[in-house]
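S.K.: Sequence plus the predicted model coming up.
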Protein chains: 4
Amino acid sequence: MPVLDASEVRDFLEEVWPGSTRAYVIEDIGEGTARLRLVHSPERLRPGGIVAGPALMALADCAVWVALLGVVGREAMTMTVSLNINFFRPGAPVDVIADVRLHRVGKRLATGDVLMYSEGDADPIAQATVTYAIPSR
Amino acid sequence: MPVLDASEVRDFLEEVWPGSTRAYVIEDIGEGTARLRLVHSPERLRPGGIVAGPALMALADCAVWVALLGVVGREAMTMTVSLNINFFRPGAPVDVIADVRLHRVGKRLATGDVLMYSEGDADPIAQATVTYAIPSR
Amino acid sequence: MPVLDASEVRDFLEEVWPGSTRAYVIEDIGEGTARLRLVHSPERLRPGGIVAGPALMALADCAVWVALLGVVGREAMTMTVSLNINFFRPGAPVDVIADVRLHRVGKRLATGDVLMYSEGDADPIAQATVTYAIPSR
Amino acid sequence: MPVLDASEVRDFLEEVWPGSTRAYVIEDIGEGTARLRLVHSPERLRPGGIVAGPALMALADCAVWVALLGVVGREAMTMTVSLNINFFRPGAPVDVIADVRLHRVGKRLATGDVLMYSEGDADPIAQATVTYAIPSR
């Protein structure tokens, strides 16, 4: 079972990164899983009216962090080691849903993958794999 | 529904790459999915008796190709554009199971992700994301 | 020789993405190369006072785009296909310099790598590889 | 200066992985750099007579390991954590040259990038970024 539930992770996120939970809504924390919603905002669109790539990169980075907090608890000092993202189709100007599965939570490294969807659409717009370093505990 | 089933992909693989299906057993082709088995062989181990990283890279590359053949049919001239792989834990000297999901099959590019497991173990040993270029049809 | 020089790319960037050149200063465009400066701003820091990972992801994405514009000219509709980034050390709260080399500019795909440095420091803080799709010309 | 030179790394490679130096010729070890030659062999070609992708993945993996051995010395138990590779153009049926630069050699993680060239050709056929975990020393 997760060490922190969605509302506890939300509180922690807001504490260490004030304002972040207006953009990133934590919808669910499960056993090594998480679901986030990136709230639509015109400032995250690029020319052409589609979701900007960097907004999805930031979402993936945050989403895996959130899933990891659910497992390791209130730990602000994890650091992203690597991120790999593939973009499949343009993202419509709506909320984006991010579904995370953690594949490894080791002593030092944790890795998860994220599928991102335009709300209401079954085909993912992007997929990312993110690895975090966990400080010595 | 897949254009080619597991046995048709197997025949095609053997045709364009003779001998390959001794190492790579196609267990299933579904709708945008595939399952392969990499048959254990001492020559794919590295010092320490664990599965060599390059053997898993080659498996991931082949597994996404096989899933793609299930969708696009007998097309030998697809080419790998990129591959990203993360290793989570040492692979025991047993068969490796690779589970593929295709996330995009476009006109030009197709991308899938692969989770790899030591047979009989629920925790993945590696995860890869592979993109292929599809020649003009 | 580049099709567009640094000042022409700057004008184009500002045209399609107003305000962007306050953060991203194009210092040089060479033959398949570019140098950008990400201007330091407190809003790009994360807890701990180091440069936020997503700020470097966005920089890498922009830097390869800029190098590509130098080669293909005023083309707004290129799209990021994939981005892979590795973080090596925390970035100090100063400007970040991004050095791009393009390795391929094909008909459909272009790929470059980017090394990112805290200004005045010789060891890179991050490295990224970014692939763009180029629309039919 | 490197801890091991090219001939010492060669001896170590042959010791822990007998036969490997027939395929992988270490041409140079510098300060955080290495150059390897993958000797041409028909068994590393794919249908169409071009160098198989997995042969280049294995080369990149080995090349970064070799560069790392030059820095950390005789350490067999490093493990690949992640590898990202992009393929730019088909590799001709000739030797492949791999040029490595290490960007980080930390206590726990080391990362390098590799450019691979068909011998005698100035345009790279592939680029890879590889991260190794280093056991506690």
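M.R.: Yes, it's here.
S.K.: Please make it C-alpha for all contacts and neighbour counts, starting now.
M.R.: Fine.
S.K.: What helix or strand is A:Glu14 located in?
M.R.: Using DSSP states H and E, A:Glu14 sits within helix A:6-16.
S.K.: before we move on, what about A:Gln127?
M.R.: Using DSSP H and E, A:Gln127 sits in strand A:126-133.
S.K.: now the angle between strand B:126-133 and that strand, please.
M.R.: 150 degrees (axes from the mean of the first three to the mean of the last three CA atoms, to 10 degrees).
S.K.: picking that back up, quick one: the helix holding A:Glu14 near chain C?
M.R.: Yes. Residues of helix A:6-16 contacting chain C under CA under 8 Å from any CA of the partner chain: A:Val16.
S.K.: Going by neighbour count, which residues in that helix are buried?
M.R.: A:Ala6, A:Glu8, A:Val9, A:Arg10, A:Phe12, A:Leu13 (16 or more other CA atoms under 10 Å in any protein chain shown).
S.K.: so can I have TSV of those showing pLDDT?
M.R.: Formatted as TSV, those follow (pLDDT from 0 to 100):
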residue	pLDDT
A:Ala6	96
A:Glu8	96
A:Val9	96
A:Arg10	97
A:Phe12	95
A:Leu13	93
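S.K.: for those residues, which one is nearest D:Met1?
M.R.: Checking those against D:Met1 with CA to CA, the nearest one is A:Leu13 at 44.6 Å.
S.K.: tell me the contacts of that closest one?
M.R.: Taking CA atoms under 8 Å, 6 or more residues apart in numbering or on different chains, we find A:Leu13 in contact with A:Ser20, A:Thr21.
S.K.: so how far is A:Gly19 from it?
M.R.: Per CA to CA, to the nearest Å, A:Leu13 is found 9 Å from A:Gly19.
S.K.: what's the one helix or strand in chain A whose mean pLDDT sits lowest in contact with?
M.R.: The least trusted helix or strand in chain A, going by mean pLDDT, DSSP states H and E, turns out to be strand A:45-46, with a mean of 89. Contacting residues not belonging to strand A:45-46 are listed as A:Val51, A:Ala52, A:Pro93, C:Trp17 [CA under 8 Å, 6+ apart].
S.K.: Also stretch A:110-130?
M.R.: A:56-57, A:60-61, A:63-64, A:68, A:80-92, A:94-105, A:131-134, B:103.
S.K.: Try it again at 6 Å.
M.R.: For stretch A:110-130, contacts defined as CA atoms under 6 Å, 6 or more residues apart in numbering or on different chains pick out A:64, A:82-89, A:95-104, A:131-132.
S.K.: Output those of these also counted as contacts of chain C.
M.R.: With CA under 6 Å from any CA of the partner chain as the criterion, the contacts of stretch A:110-130 include A:Ser82, A:Leu83, A:Asn84, A:Ile85, A:Asn86, A:Phe87 near chain C.
S.K.: my read: the first one touches C:Leu83, true?
M.R.: No. Using CA atoms under 6 Å, A:Ser82 and C:Leu83 do not qualify as a contacting pair, with a distance of 10.5 Å.
S.K.: ranges for the helices of chain A?
M.R.: Taking DSSP state H to define them, one finds helices in chain A at A:6-16, A:20-23, A:53-72.
S.K.: Next, see if the shortest one gets close to chain C.
M.R.: Which is helix A:20-23. No. Using CA under 6 Å from any CA, helix A:20-23 never reaches chain C; the gap is at least 11.4 Å.
S.K.: So which other helices or strands are in contact with that helix?
M.R.: Applying 3 or more CA pairs under 6 Å, 6 or more residues apart in numbering or on different chains; DSSP states H and E, one finds that helix A:20-23 contacts no other helix or strand.
S.K.: And that helix, what's buried?
M.R.: A:Thr21.
S.K.: who's in contact with that helix?
M.R.: Here helix A:20-23 makes contact (CA under 6 Å, 6+ apart) with A:Leu38, A:Val39.
S.K.: Among the contacts of stretch A:110-130, which are located in strands?
M.R.: The strands, defined by DSSP state E, take in A:82-87, A:96-104, A:131-132 from those.
S.K.: so where is chain A shaky, pLDDT-wise?
M.R.: Residue ranges of chain A with pLDDT under 70: A:137.
S.K.: Would you point out which residue is most central in it?
M.R.: Nearest residue to the geometric centre of chain A (CA atoms, centre = their mean): A:Ala63, 1.2 Å.
S.K.: how close does that residue get to C:Asn86?
M.R.: Between A:Ala63 and C:Asn86 the computed distance is 18 Å (CA to CA).
S.K.: Repeat that for A:Ala55.
M.R.: Using CA to CA, A:Ala55 is found at 18 Å from C:Asn86.
S.K.: higher neighbour count, the two?
M.R.: C:Asn86 (25 against 19; other CA atoms under 10 Å in any protein chain shown).
S.K.: my guess is the more buried one meets A:Asn84, correct?
M.R.: No. Contact criterion CA under 6 Å: C:Asn86 and A:Asn84 do not qualify, at 8.8 Å.
S.K.: what sits in contact with each of those two?
M.R.: Common neighbours of C:Asn86 and A:Asn84 (CA under 6 Å, 6+ apart) do not exist.
S.K.: out of everything not next to it in sequence, what's closest to A:Val130?
M.R.: Nearest non-adjacent residue to A:Val130, counting by CA to CA, 6 or more residues apart in numbering or on different chains: A:Leu83, 4.4 Å away.
S.K.: repeat for A:Ala126
M.R.: Nearest residue to A:Ala126, sequence neighbours excluded (CA to CA, 6+ apart): A:Phe87, at 4.4 Å.
S.K.: So what's the residue count around the one you found?
M.R.: 23.
S.K.: what separates it from A:Val51, distance-wise?
M.R.: 11 Å.
S.K.: Give the bridge partners for the residue nearest to A:Ala92 when sequence neighbours are not counted, please.
M.R.: Counting by CA to CA, 6+ apart, A:Ile50 is the residue found nearest to A:Ala92 once chain neighbours are left out, at 5.4 Å. A:Ile50 forms beta bridges with A:Arg46, as assigned by DSSP bridges.
S.K.: about what we covered before: out of the buried residues of helix A:6-16, who's nearest chain B?
M.R.: Chain B lies nearest to A:Ala6 out of the buried residues of helix A:6-16, by CA to the nearest CA, at 24.3 Å.
S.K.: contacting residues around the closest one?
M.R.: Applying CA under 6 Å, 6+ apart to A:Ala6 gives the contacts A:Asp28, A:Ile29.
S.K.: Please report phi then psi for the residue of chain A positioned farthest from its centre.
M.R.: Largest separation from the mean C-alpha position in chain A: A:Gly48, at 24.4 Å (CA atoms, centre = their mean). When read as degrees, to the nearest 10, the backbone of A:Gly48 gives phi 110, psi -10.
S.K.: mind checking how far it is from chain D?
M.R.: According to CA to the nearest CA, to the nearest Å, A:Gly48 stands 28 Å off from chain D.
S.K.: Appreciated, that's everything.
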